[in-house]
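Colleague: Got a sequence here, can you build the structure:
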Amino acid sequence: MTLSQSAAVCVSFTLLMYLCNDPKIDEATQEPENCRDMTAWVECLPAPNISCRLSNGTEFRFSGEEVGFNKTIPCRNVSGYSYKVAVALSLFLGWLGADRFYLGYPALGLLKFCTVGFCGIGTLIDFILIAMQIVGPADGSNYIVDYYGARLTRLSITNQTYRKPHLSL
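Modeller: Alright, predicted model coming up:
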């Protein structure tokens, strides 16, 4: 059993007892290099002088240099469509349907081309939808956005969502 496996089962570390390394970011996708199935792993180092009782009964004291455990972080499925390019195409060439051709919607792109962006109304609507990341690539992947850039996360309410009960006065 390695130290990281032992440390993960000995205690649950509280927030100030460890520090996780930043993930290594892939330049092409702007996602962690080890992203698989929408999750990636980062190494976490327990703070110096944190003691941990291992599963075999021995006590181990961390120096702050050893990897104590791996933590999962979320990552996204990307396939080569840049957010910046999509917004620029929508802004400058949206009336020709270039944005929809780029995102993989050739039928809508051709329709926008033939109608000059639905007389400008479709161009404006598409620009807003692409800028808000509501319309994305046709293959279902996410845009490539800088790792520390402006990403939008969709929030949804399902039957599993906790709803605070209303108090009647």
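
Colleague: Please, where are all the strands along the chain?
Modeller: For the chain, the strands defined by DSSP state E occupy 18-20, 39-46, 51-53, 59-61, 69-74, 78-82, 142-144.

Colleague: how much space is there between residue 117 and residue 108?
Modeller: 11 Å (Cβ to Cβ, to the nearest Å). (Each C-beta comes from the backbone N, C-alpha and C, glycine too.)

Colleague: same thing with residue 99?
Modeller: Distance from residue 99 to residue 108, by Cβ to Cβ: 9 Å.

Colleague: Looking at those two, which is more packed in?
Modeller: In this view residue 99 and residue 108 are compared by other Cβ atoms under 10 Å, and residue 99 has more residues nearby, 29 against 19.

Colleague: what residues are up against the residue found closest to that one once you drop the neighbours it is linked to in the chain?
Modeller: Nearest residue to residue 99 in three dimensions, chain neighbours excluded: residue 90, at 3.9 Å (Cβ to Cβ, 6 or more residues apart in numbering). Shown in contact with residue 90 (Cβ atoms under 8 Å, 6 or more residues apart in numbering): 99, 123, 126-127, 130-131.

Colleague: let's go with 10 Å and repeat that
Modeller: Counting by Cβ atoms under 10 Å, 6 or more residues apart in numbering, residue 90 touches 98-100, 102-103, 117, 123-124, 126-131, 135.

Colleague: coming back round to it: could you tell me which residues touch both of residue 99 and residue 108?
Modeller: 126, 135.
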